[in-house]
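Visitor: 3D model of this:
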Amino acid sequence: MNVALRERQKGNKISLYLDLYEDGKRKYEYLKMYLHAKPENGKLTKEQRDHNEKTKALADAVRSKRLLQIKNEEFGFRDTEKTKGSFLTYFETLTEKRRNSQGNWGNWDSTLKHLKTYSKFDVTFKEIDKRWLEGFKYYLQHQAGKDKERPLSRNSQSSYFSKVIAAIKEAIKDGIFQFNPAAQVAGIKPDDPEREFLTLEELQAAADIECELPILKKAFIFSCLTGLRWSDIEKLTWAEVQNSADKFYIRFRQKKTKGAETLPISEQAIGLLGKRGKPEEKVFTHLKYSAWNNLKLREWVMKAGITKHITFHCARHTYATLQLDLGTDIYTVSKMLGHRHLKTTEVYGKVMDKRKQEAANRIQIKL
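Guide: Below is the predicted model:
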């Protein structure tokens, strides 16, 4: 490992830079320090010679400091042995920790597949720098999915890149990185999501139609009436369904955010649940997440005359949108949804603005 002070002349100026050679790789660091070049005919003035002497001394001090930083493992990493470890293996470990959260695990697993495609070979923590991250970002935006003629959507690009950033932050906590190599790399902004939902009339039409899987229909309508996510409905136990002074609520911990919530619910939502079971029993027994269930959900709403692309999560969107449509203020809706930030709920406000604009354009006359 060596750090040498080099000079490069351009015109009447000499630029100073460091030549860093470590582990068979060479890097250059320009110091933005300049010397006066000796003119072809003539000599440097005393002021120019003094400037050159002081600048060289300063540059050499920087070289010595940089060499010391590298020797002390302060130039980007704390532990040389750790940085030689596999970033892909580390990412795979983080992915497995999320296996119990189906949707989240799926995104991490997809990101891992793209990382392996992009890297081709294993990649160490030491190789994760600004250039590598910019390369992965370019891959997601311009190369991923091309072989199948289906480029990644903007939201998928954003999601996968953010997972890599999240892994880097975990590595910082684990003492592998001293600084964040992604700090100077801009993320990929997602598109505004199209949040599909049911109108009150459509929800009523769906409620009037039988579903091949009655438990799925009951869970979906319960979500429309409460705003609960699939993950929280699937794990809901009777012990979490409580009442006090004839008021009903669910006291639970969100699976996604881990936040503790007390959610008031209507008598109609309680009535939908039927006979109360034992405290430790699940409220929605035999409820499973699968492609088959998703298909049956779409078939059910289609029988109700609804042509929208409906997934289970649309029930939560339906709850939020109908609450705003019926006059509930956005702050209360945000609290009911368990959002940590009001900005998350404001997306539904945009949906309502769009509906108002559509309503305004419905009345047309000839002028």
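
Visitor: just the strands in this structure please.
Guide: 2-10, 13-22, 25-36, 241-244, 247-253, 260-265 (DSSP state E).

Visitor: Out of those strands, which is closest to L273?
Guide: strand 241-244 (7.0 Å; Cβ to Cβ). The C-beta positions use only the backbone N, C-alpha and C, and glycine is treated the same way.

Visitor: packing partners for that closest one?
Guide: strand 247-253, helix 267-273 (3 or more Cβ pairs under 8 Å, 6 or more residues apart in numbering; DSSP states H and E).

Visitor: ok, now which ones touch the residue lying closest to L273 once chain neighbours are set aside?
Guide: Nearest non-adjacent residue to L273, counting by Cβ to Cβ, 6 or more residues apart in numbering: V283, 5.9 Å away. V283 sits next to I233, L236, T237, W238, V241, L273, G277 when contact means Cβ atoms under 8 Å, 6 or more residues apart in numbering.

Visitor: how close does V283 sit to N100?
Guide: Counting by Cβ to Cβ, to the nearest Å, the separation of V283 from N100 is 19 Å.

Visitor: need the contact list for the spatially closest residue to E170 that is not a sequence neighbour.
Guide: Nearest residue to E170, sequence neighbours excluded (Cβ to Cβ, 6+ apart): L94, at 6.1 Å. By Cβ under 8 Å, 6+ apart, L94 lies in contact with W108, A166, A167, E170.

Visitor: For those, name the two members farthest from one another.
Guide: The largest distance within those, taken as Cβ to Cβ, falls between W108 and E170 and amounts to 11.6 Å.

Visitor: These two: which has the busier surroundings?
Guide: Between W108 and E170, W108 has the larger neighbour count (other Cβ atoms under 10 Å), namely 22 against 16.

Visitor: what's the nearest residue to that one if we skip its chain neighbours?
Guide: T95 is the one closest to W108 (Cβ to Cβ, 6+ apart), at 4.1 Å.

Visitor: ok, the one you found - how many residues close by?
Guide: By other Cβ under 10 Å, the residues close to T95 number 20.

Visitor: T285 versus G277, what's the distance?
Guide: Counting by Cβ to Cβ, the gap from G277 to T285 is 8 Å.

Visitor: can you check K247 too?
Guide: Taken as Cβ to Cβ, the span from K247 to T285 is 26 Å.

Visitor: which stretches of the stretch 151-300 of the chain form helices?
Guide: 154-173, 200-207, 214-226, 230-234, 267-273, 291-303 (DSSP state H, counting those that start in this stretch).

Visitor: With mean pLDDT and distance to N41 added, can I get those helices in a markdown table?
Guide: Compiled in a markdown table, the helices of the stretch 151-300 of the chain are given as follows (pLDDT from 0 to 100; distance: least, Cβ to Cβ, whole Å):
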| stretch | mean pLDDT | distance to N41 |
| --- | --- | --- |
| helix 154-173 | 92 | 55 |
| helix 200-207 | 94 | 88 |
| helix 214-226 | 95 | 86 |
| helix 230-234 | 92 | 80 |
| helix 267-273 | 92 | 93 |
| helix 291-303 | 92 | 82 |
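
Visitor: Show me what counts as buried in the lengthiest helix in the chain.
Guide: Taking DSSP state H as the criterion, the chain has its longest helix at helix 46-71. Neighbour counts over helix 46-71 (16 or more other Cβ atoms under 10 Å) mark N52, T55, K56, A59, V62, R63, R66, L67, I70 as buried.

Visitor: ok, the spatially closest residue to the fourth one that is not a sequence neighbour - how many residues close by?
Guide: Closest residue to A59 apart from its sequence neighbours, by Cβ to Cβ, 6+ apart: L16 at 4.7 Å. Summarising burial for L16: neighbours were counted as other Cβ under 10 Å, giving 21.

Visitor: Distance of L16 relative to L35?
Guide: 7 Å.

Visitor: Touching both of those two, which residues are there?
Guide: E7, T55, K56.

Visitor: Might one say that the second one is in contact with K13?
Guide: This points to T55. No. Judged on Cβ atoms under 8 Å, T55 makes no contact with K13 at a distance of 11.3 Å.

Visitor: Quick check: neighbours shared by these two?
Guide: Common neighbours of T55 and K13 (Cβ under 8 Å, 6+ apart) are Y34, L35.

Visitor: May I see the contacts of V283 organised as JSON lines, with distance to A291 added?
Guide: Shown next, in JSON lines, are these (distance: Cβ to Cβ, whole Å):
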{"residue": "I233", "distance to A291": "19"}
{"residue": "L236", "distance to A291": "23"}
{"residue": "T237", "distance to A291": "26"}
{"residue": "W238", "distance to A291": "29"}
{"residue": "V241", "distance to A291": "29"}
{"residue": "L273", "distance to A291": "27"}
{"residue": "G277", "distance to A291": "29"}
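
Visitor: Buried ones from those, can you make that a PyMOL selection?
Guide: Buried subset of those, written as a PyMOL selection, criterion 16+ other Cβ under 10 Å:
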select buried, resi 233+236+241+273
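
Visitor: hang on, isn't P181 packed against E134?
Guide: No. In this structure P181 lies outside contact range of E134 using Cβ under 8 Å: 10.6 Å.

Visitor: quick one: which of these two has more around it?
Guide: Between P181 and E134, counted using other Cβ under 10 Å, P181 has the larger neighbour count: 21 against 14.

Visitor: count of residues packed around the residue nearest to that one when sequence neighbours are not counted?
Guide: Of all residues not flanking P181 in the chain, D129 sits nearest, at 5.0 Å (Cβ to Cβ, 6+ apart). Neighbour count of D129, defined by other Cβ under 10 Å: 16.

Visitor: Equivalent analysis for V333, please.
Guide: V333: 21 neighbours (other Cβ under 10 Å).

Visitor: All set now, cheers.
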